[in-house]
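Asks: next input, structure requested:
(one chain, ligands or ions: 1)
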Amino acid sequence: MTNGGLEHKIKHLYQQNRRTVDKYSYTIPSSNTYPYQWLWDSCFMAITMSYFDVAQAKQELRALVSKQFENGMIPHMIYWQHTDIPDHLKIAWGKRQTSSITQPPLLAEAVSKIYAADGDIKFVREMLPHIHNFHRFFYRDRDPRKSGLIGIINPDESGEDTSPRFDQALELGPSWTLAENYAARMELVDDWREARFVVRQRMDLKHWVRDLPLNCILLETLNQTARLASLAGEAHIAEWSLEHAEKTSKAIREKMIADDGLFCSTMNWGDKEMKINIRTWALFMPMYAGIATHEEANQLVGMMSDPDFFATSYGVPTVSVDEPSFDLENTWPWPNWRGPVWMGSNWLIVKGLRRYGYDEQADQLKEQSIQLIEKSGFREFYNPFSGEGYGAEGFTWGGLVLDM
Ligand code: GLC
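Replies: Reported below is the predicted structural model:
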């Protein structure tokens, strides 16, 4: 496939997945499985569309922030219209038309891309208050003890619902099924609704994971927000964002490094704070956030090129192949973040590699991502050894290769 051919296919897919309700239009991740609007998906899509349809990229984000809660949270799902796919509708989130949890905040990244494409500072000014309020929500509601690290209350908030990073926090027995995993996550939803969405005390009692990717994304997004705010003449937002970025950056270095020297997530269970020492692609996120030292980056790139850990034929598996939780089997109808390759994680890793000057490795990962699309089409996730595609079809994340 030529680059032009690939771009044409991406545009076509995005047109097929576009939906319009009243004055809003947005893109669904996949018409056979995901017929609603999702938060980080929409950011991925706005980034992709900044290459061929900036106007629609802006619409995508406007639709997203139109449902921002009063406390600043942006819900991770918006049910714009009813569909016949039953599963998602059954979730009792306790809110009208949206979910009651969130997802990683990639909005500033998307707005930066849009600004780079057309220099529309008015759009930056329109989005800044939404972005800033979202970030303030994280520090106020998800870091009640002012540790500098943000907690998530459900694995789904990480965007990686079935990742083994959350197995222990979900308190599932050793040989659980994905159906049980789903049920445990739904129990958290019920709890959250019954707690009337009040986070206080919850971190001592329930699922409270300070997840490495989300904290790295927040750190990077704060730095990007500061840049956008300076351009827009919003000195207060710029200052606040830099101050919080500094705090989170310190906290990641102080609290998110395990005994083996690798970065990790942490969790609270009762009054205990523990490190989650499972090797997933999350290890590479400190490169995306620019917080790894050059030696650490070098060690990480070593693991990425080692077949005992993360080197495969088709990109970086979401879990290291040497982990007992590495699992390519359990796929349908659940998303599988326990080994398969996803385009969203590949994209974040590519950005980290480029940031540290590993262009050769970044190009290779980009090529492998393109090969996956050529071989198996736009799928939700892929087998890292055979390139076989799994899960949702016509899945939009493949568009991110344009930005790789
Ligand atoms: C799956 C993914 C999640 C994504 C959603 C919609 O649940 O795990 O990251 O946002 O699908 O594509």
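
Asks: helix/strand/coil for the closest residue to the ligand within the stretch 251-400 of the chain?
Replies: Residue of the stretch 251-400 of the chain nearest the ligand, by Cβ to the nearest ligand atom: Pro335 (3.9 Å). Bear in mind the C-beta positions are built from the backbone N, C-alpha and C, glycine included. Following DSSP: H, G, I helix; E, B strand; the rest coil, Pro335 is assigned to coil.

Asks: residues in contact with it?
Replies: Applying Cβ atoms under 8 Å, 6 or more residues apart in numbering, we find Pro335 in contact with Asp161, Thr162, Glu380, Phe381, Gly391.

Asks: now the residue nearest to the third one when sequence neighbours are not counted: which helix or strand?
Replies: So the one you mean is Glu380. In space, Glu380 comes closest to Gly391 once its chain neighbours are excluded; the distance is 3.1 Å by Cβ to Cβ, 6 or more residues apart in numbering. Assigned by DSSP states H and E, Gly391 belongs to strand 389-393.

Asks: what distance separates that strand from the centre of its chain?
Replies: In terms of Cα atoms, centre = their mean, to the nearest Å, the centre of strand 389-393 is found 18 Å from the chain centre.

Asks: quick one, grab the pLDDT at Asp204.
Replies: Per-residue confidence at Asp204 stands at 60 (pLDDT).

Asks: same question, Ala179
Replies: Value listed for Ala179 in the pLDDT field: 87.

Asks: that's a helix at Val274, yeah?
Replies: One correction, residue 274 is Met, not Val. No - Met274 is assigned strand when assessed by three-state DSSP, not a helix.

Asks: next one: phi and psi at Ile152?
Replies: Note on Ile152: its backbone torsions stand at phi -110, psi 150 [degrees, to the nearest 10].

Asks: how many neighbouring residues does it have?
Replies: 26 (other Cβ atoms under 10 Å).

Asks: quick one on the thing from earlier: hmm, Phe378 and the residue nearest to Glu380 touching each other?
Replies: No - look at Gly391 against Phe378 with Cβ atoms under 8 Å: they stay out of range, at 10.9 Å.

Asks: and His132, what does it touch?
Replies: By Cβ under 8 Å, 6+ apart, the neighbours of His132 are Thr225, Ala229, Ile237, Trp240, Ser241.

Asks: so who does the first one touch?
Replies: If I follow you right, that is Thr225. Counted by Cβ under 8 Å, 6+ apart, Thr225 has contacts Ala108, Leu128, Ile131, His132, His135, Ile237, Ala238, Ser241.

Asks: repeat for the last one
Replies: With contacts defined as Cβ under 8 Å, 6+ apart, Ser241 is in contact with His132, His135, Leu222, Asn223, Thr225, Ala226, Ala229.

Asks: hmm, 10 Å instead?
Replies: When contacts are counted by Cβ atoms under 10 Å, 6 or more residues apart in numbering, Ser241 is found next to 108, 128, 131-132, 135, 221-230, 234.

Asks: and what of the fourth one?
Replies: Contact partners of Trp240, counting by Cβ under 10 Å, 6+ apart, are His132, His135, Arg136, Tyr139, Leu222, Thr225, Ala226, Ala229, Glu234.

Asks: select from those residues the one having the most neighbours.
Replies: That'd be Thr225 among those, by other Cβ under 10 Å, with 31 neighbours.

Asks: so which helix or strand takes in that one?
Replies: Going by DSSP H and E, Thr225 is in helix 212-231.

Asks: okay then, goodbye and thanks.
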